[in-house]
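Student: sequence first, then the predicted structure:
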Amino acid sequence: MTDQNTMHWEVDYTLGYGPMDHIHDEFLELLAQLQEATDEQLPARLQQMEAHLQAHFDEENTWMEQTQFPPRQCHMDEHAAVLTSVAEVRVLLDEGNTQVCRSLTQALAEWFPGHTTHLDSALAHWMGKDRLEGKPMVFKPMTRI
Ligand SMILES: [Fe+2]
Ligand SMILES: [Fe+2]
């Protein structure tokens, strides 16, 4: 288990769009905290992760909608599916089922690389492109004396 977790930290998930990379750093930090949590710490840390994921996905969904990112629906659907799973696990954890929370933590660790490589990376590229193309370039005439 440790080896598998460690493997993820050795991978560079930087996508080149700063605001998204910042959110992903926060996700990886909270995931590490969830992986290292004692049974007693699980409820608080899952709550932190759920709040993070809500904000994380809201931010990406907003970027996709504001810029009319063409393949946004499948990306937004995947966000919604993850939030549904986390909410279900929160209820079970409240009933004392720590194992299901451990399984969710492992599932999130396995989900993130694929999601970020296939979906977030396309959005990061799009946002970089959108920002460059949307920014007016001003050429000032050179003053000759
Ligand atoms: Fe993301
Ligand atoms: Fe995403």
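Tutor: Okay, I see it. Numbers count the residues shown, from 1 in each chain. Ligands and ions are numbered 1, 2, ... in the order given.
Student: confidence score at the residue nearest to residue 47 when sequence neighbours are not counted?
Tutor: Excluding the flanking residues, the one nearest residue 47 by C-beta to C-beta, 6 or more residues apart in numbering is residue 90, at 7.3 Å. Just so you know, the C-beta spots here come from the backbone N, C-alpha and C atoms, and that holds for glycine as well. Note for residue 90: predicted pLDDT of 98.
Student: state the distance from residue 90 to ligand 2.
Tutor: Distance, residue 90 to ligand 2, using C-beta to the ion, to the nearest Å: 20 Å.
Student: pretty sure that residue is touching residue 51, no?
Tutor: No. Using C-beta atoms under 8 Å, residue 90 makes no contact with residue 51, being 10.9 Å away.
Student: look at these two and report which has more neighbours.
Tutor: Neighbours of residue 90 and residue 51, each counted by other C-beta atoms under 10 Å, are more numerous for residue 90; the result is 17 against 11.
Student: which element is the more buried one on?
Tutor: helix 72-94 (DSSP states H and E).
Student: which positions in this protein make contact with ligand 2?
Tutor: For the chain, the contact set with ligand 2 under C-beta under 5 Å from the ion comprises 60, 120.
Student: any low-confidence regions in the chain?
Tutor: For the chain, applying pLDDT under 70 flags the ranges 1-10, 130-145.
Student: for it, longest helix please?
Tutor: Across the chain, the longest stretch assigned as helix under DSSP state H is helix 42-66.
Student: distance between it and the chain's centre?
Tutor: Centroid displacement of helix 42-66 relative to its chain, using C-alpha atoms, centre = their mean, to the nearest Å, is 7 Å.
Student: now stretch 37-55
Tutor: With C-alpha atoms, centre = their mean, you get 15 Å for stretch 37-55.
Student: same check on stretch 112-131?
Tutor: Using C-alpha atoms, centre = their mean, the offset of stretch 112-131 from its chain centre is 11 Å.
Student: likewise for stretch 66-81?
Tutor: 13 Å.
Student: got a list of contacts for it?
Tutor: Here stretch 66-81 makes contact (C-beta atoms under 8 Å, 6 or more residues apart in numbering) with 57, 60-61, 63-65, 115, 119, 122-123, 126-127, 130.
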